[in-house]
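Asker: Provide a 3D model corresponding to the input given below.
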Amino acid sequence: MSSSEGGRIPASTESFPTIPGVQDCPVGTPREIASSDLLRDADRLFIRHEGQCYTLRLTSSRKLILTK
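Answerer: I've put the predicted structure just below:
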């Protein structure tokens, strides 16, 4: 790796956790992910976006609510 890369691993070789049911798509292509694959056995999950934390919650009527 050259010093011009700043010690960062090139994006094409970075390792990210895999989510069951998610297939590789071309960059910029929307992906479809089953909510059950994201939530697993929980009723909520936290999403970090640009320094803010959001909560994706599954309600008792099986609806999804995203709050800040």
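
Asker: what's the average pLDDT for stretch 24-33?
Answerer: Stretch 24-33 carries an average pLDDT of 82.

Asker: Start and end of it, how far apart?
Answerer: The first residue of stretch 24-33 is 12 Å away from its last residue (C-alpha to C-alpha, to the nearest Å).

Asker: Run through the strands of the protein in chain order.
Answerer: Remark: strands assigned in the chain by DSSP state E are 44-49, 52-58, 64-67.

Asker: so which of these gets nearest Leu38?
Answerer: Between Leu38 and those, the shortest gap by C-beta to C-beta is with strand 44-49, which sits at 6.0 Å. In short, each C-beta sits where N, CA and C put it, glycine included.

Asker: would you list every one of the helices in the chain?
Answerer: Per DSSP state H, the chain carries helices over the ranges 35-39.

Asker: Any regions of it where pLDDT drops low?
Answerer: Low-confidence segments of the chain, defined by pLDDT under 70: 1-23.

Asker: re the thing from before, most tightly surrounded among the strands of the chain?
Answerer: Stretch with highest mean neighbour count among the strands of the chain: strand 52-58 (a mean of 13; mean count of other C-beta atoms under 10 Å).

Asker: who touches it?
Answerer: Strand 52-58 has contacts (C-beta atoms under 8 Å, 6 or more residues apart in numbering) with 35, 38-39, 43-48, 64-68.
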